[in-house]
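Colleague: coordinates for the following, if possible.
(chains A and B)
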Amino acid sequence: MKVGLFIPCYVEQFYPKAAIATLELLEKAGVEVAYPLKQTCCGQPMANSGYEVFGQGASDLFRENFAEFDYVVCPSGSCTLHAKEHILSNKEGEPKLYELCEFMTDVLQVKELKSRFPYKVGLHASCHGLRGLGLARPSELMVPDFNKPLHLLEMVEDIDLVHLARKDECCGFGGTFAVFEEAISVQMGKDRIQDHQEQGVAVITGADMSCLMHLEGLLRRDKSPIKVMHIAEILNGQEPDK
Amino acid sequence: MKAAPTHAAAAAEFLKDSERSHWHDETLWHVRSKRDVSAQKIPEWEQLRTLASQIKDHVLSNLDNLLLQFEKKAQANGIEVLWAKDAQEHNEHVLRILEENQVKQLVKSKSILTEECGLNHFLEDKGYDVVDTDLGERIIQFNKQVPSHIVMPAIHLKKKEIGDIFHEHLGTDAGADDPKYLTEAARQHLRQKFIQAHAAITGVNFGIAETGGFVVCTNEGNADMGTHLADIHIACMGIEKLIPRAADLGVYLRLLARSATGQSITNYTSHFHRPRKGKKMYLILVDNGRTKQLGREDFRNSLKCIRCGACMNTCPIYRRSSGFSYNSTVPGPIGSILSPGMDLNKHSTLPFASTLCGSCSDVCPVKINIHEQLYKWRQVITKEGPPQVSKRWAMRFGGQVMSKPRLFELMGKMARKSLSISPRGFVYNSFNAWGKHRELPEVPKETFKDWYRKNRNHDK
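Modeller: Below is the predicted model of the structure:
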């Protein structure tokens, strides 16, 4: 099984810890992982802004970088969904693309993790992973309940997972939405944070660093003690920043 | 040409009153929650949605024949059927009917189609006093507003404000805001209007091709009150509101009210087939851009909409920006995929008023892929809509950087360097929309690539 690691552009640049945790987590599970150094971005920022055409170069590069792999794993539901819908056509002979959590639950079928995280944690359900990839049951759908990221977090020793009032409301990031619809994006983020705050969380986690970057931006501006961490960091047993 | 206000600007304006925005969000979230509770009680909920979507697929693929069948049956029942290619023709039909029958007083139950056609203003200009009899519609009519929601047209108003409006228009006690007292006042006021009316205008929720009959759903019984008392019934129907058979109706009636408000069914589900003896019934079938939308492969599914409003109640943006921020007859997610088809320039910002979270698509009882259509409209708008020079330039530049690995690394290095050495006031300037209320991420010592080269270095 040849696994290629795709690290989203902004994670590579600004959140290397999430990427390292992803790599280590996969390695610990016995997977041989390679990270093609020529990778950049999946092209989603352009495409979601209505300029699919300018994302074409990034898409082509993505296809080239990962052509030789059986699987591509990415620690972001949003980038995975975009690549799945717009880059790889799931044809025979093409690599299979997985978001990290679903790769761990569905392909590796991880049953236990040797990590401990003795903190109160709120799980933010990022929309593209949730509804696009089906990482969990969206609250709108009347189907049997399941939640892959939560399932993994529950394997972590001493973790205290909270219940949110709105368990899968959008945080308002939305890529360039965060900038072009600044006012509403900020309000949505604040409302999400308040839900976590009311449950007394120390850490907000999730499978998409972009949502967490948005929430972190608000938290830090507010000088809040709440930290954000990518789910890979918690599953990998890392401590929150002091 | 004056540019239409952007959704972002209207939303920012609404959000200035944070208490109201919060109240609006909570109010609609409550409706969404009631929908969840109600849908959970139906074990076959997802099957119903699939079925409803498939039946509408059939309707949209056979709309021409089904409409002709519908017309034939309706005519055989004694209904006069009229066709309107656009809003103007629709309004003129109504006017002619009123004139021919010497109608002086008329009442109207809720119809988003007549809002779309601007019927009230059209008739008011001709000297008619159009009385909306749906309570919410009457409130906003007094308040000289348009509906902010397709199911709950006055949802943007608080009890106290409605009390003030009634005080001014119906003479209720100043400051009184007890809902029971206010609805009683509305009831007495509307009774008079019902009794005096010669004609009643209604919308249509479902037209049934097989029988030539149609169904109107209300919670207040106002459509029935109007049509039972008046000699003339004018029903206005969008051509997409058709279903093939009476047997299909159950699928939609089970979904509609549950999706809209969490009720198991609307209080009144009235079936109209033929005029009573000595009375007249007219049915106006309106296109107004619908066949154009039907011809757009990516967007035709939007015509499946049964106007339940669930996508508005679930939309985190609608809830916090209110219906008026969309500046469109049908607001919210469904409005954002319908309206660009009517006027691309006017509604060019609506498909961007979304994070593409997808909640609208999952809540939709007829499974319209709303968020995917928002994405597709974005691609159309950047090509055919109003030019956006700086955004286009930025995206083209971004695309070039992302397609060249070495340029990407260089630009990343430059960005991280300049972020770490620039004074705060330089980074958080007025052009930095991100930084208005948010910190930018802290610049790490090294990127993942730097780390990987040092620690894994398989490639070199």
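Colleague: could you check how far the closest residue to B:Lys279 other than its chain neighbours is from chain A?
Modeller: Of all residues not flanking B:Lys279 in the chain, B:Asp231 sits nearest, at 5.2 Å (CB to CB, 6 or more residues apart in numbering or on different chains). From N, CA and C alone the C-beta is placed, and that goes for glycine too. Counting by CB to the nearest CB, to the nearest Å, the gap from B:Asp231 to chain A is 45 Å.
Colleague: which residues touch B:Asp231?
Modeller: B:101, B:198-199, B:278-280 (CB atoms under 8 Å, 6 or more residues apart in numbering or on different chains).
Colleague: just the strands in chain A please.
Modeller: For chain A, the strands defined by DSSP state E occupy A:3-5, A:33-34, A:71-74, A:96-99, A:120-124, A:160-161, A:203-206, A:227-230.
Colleague: kindly reformat those as JSON lines containing mean pLDDT.
Modeller: Listed next are the strands of chain A as JSON lines, based on pLDDT from 0 to 100:
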{"stretch": "strand A:3-5", "mean pLDDT": "98"}
{"stretch": "strand A:33-34", "mean pLDDT": "96"}
{"stretch": "strand A:71-74", "mean pLDDT": "97"}
{"stretch": "strand A:96-99", "mean pLDDT": "96"}
{"stretch": "strand A:120-124", "mean pLDDT": "98"}
{"stretch": "strand A:160-161", "mean pLDDT": "98"}
{"stretch": "strand A:203-206", "mean pLDDT": "98"}
{"stretch": "strand A:227-230", "mean pLDDT": "98"}
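Colleague: want to throw the ones you listed into CSV with distance to B:Glu184 and mean neighbour count?
Modeller: Converted to CSV, the strands of chain A look like this (distance: least, CB to CB, whole Å; neighbours: other CB atoms under 10 Å in any protein chain shown):
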stretch, distance to B:Glu184, mean neighbour count
strand A:3-5, 67, 22
strand A:33-34, 71, 18
strand A:71-74, 60, 24
strand A:96-99, 56, 23
strand A:120-124, 46, 23
strand A:160-161, 50, 16
strand A:203-206, 49, 24
strand A:227-230, 52, 24
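Colleague: format those as a markdown table; extra columns: distance to chain B.
Modeller: Converted to a markdown table, the strands of chain A look like this (distance: least, CB to the nearest CB, whole Å):
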| stretch | distance to chain B |
| --- | --- |
| strand A:3-5 | 9 |
| strand A:33-34 | 7 |
| strand A:71-74 | 13 |
| strand A:96-99 | 15 |
| strand A:120-124 | 12 |
| strand A:160-161 | 22 |
| strand A:203-206 | 14 |
| strand A:227-230 | 10 |
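Colleague: just give the nearest non-adjacent residue to residue 181, would you?
Modeller: Using chain A. Nearest residue to A:Glu181, sequence neighbours excluded (CB to CB, 6+ apart): B:Ala8, at 4.7 Å.
Colleague: my bad, chain B
Modeller: In space, and not counting its chain neighbours, B:Tyr181 is closest to B:Thr172: 7.0 Å by CB to CB, 6+ apart.
Colleague: Three-state assignment for that neighbour, please.
Modeller: coil (DSSP: H, G, I helix; E, B strand; the rest coil).
Colleague: ok, it - contacts?
Modeller: Going by CB under 8 Å, 6+ apart, B:Thr172 touches B:163, B:166, B:181-182, B:185.
Colleague: B:Phe194 now?
Modeller: Taking CB under 8 Å, 6+ apart, we find B:Phe194 in contact with B:107, B:133, B:225-226, B:229.
Colleague: which residues touch the host helix or strand of B:Arg453?
Modeller: B:Arg453 belongs to helix B:448-455 when elements are defined using DSSP states H and E. Applying CB under 8 Å, 6+ apart, the contact partners of helix B:448-455 are A:7, A:11-12, A:16, A:19-20, A:23, A:35, A:37, B:409, B:446, B:460.
Colleague: one more time with 10 Å
Modeller: Residues from elsewhere that reach helix B:448-455, judged by CB atoms under 10 Å, 6 or more residues apart in numbering or on different chains: A:5, A:7-8, A:11-20, A:22-23, A:35, A:37-39, B:405, B:408-409, B:412-413, B:444-447, B:458-460.
Colleague: ChimeraX command to pick out the buried ones of those residues?
Modeller: This is the ChimeraX syntax for the buried subset of those, where burial follows 16 or more other CB atoms under 10 Å in any protein chain shown:
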select /A:5,7,8,11,12,13,14,15,16,17,18,19,20,22,23,35,39 /B:405,408,409,412,444,447
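Colleague: does chain A sit close to the helix or strand B:Asp36 falls within?
Modeller: Counting by DSSP H and E, the element that carries B:Asp36 is helix B:18-40. Yes - Helix B:18-40 reaches chain A (CB under 10 Å from any CB of the partner chain) through B:18, B:21-22, B:25, B:29, B:32-33, B:35-36, B:39-40.
Colleague: determine which two of the contacts of B:Asp231 are furthest apart.
Modeller: Across the contacts of B:Asp231, the longest distance by CB to CB is 14.4 Å; it joins B:Ala199 and B:Gly278.
Colleague: looking at the two, which one has more neighbours?
Modeller: Set B:Ala199 next to B:Gly278 and count neighbours by other CB atoms under 10 Å in any protein chain shown: B:Ala199 wins out with 24 against 6.
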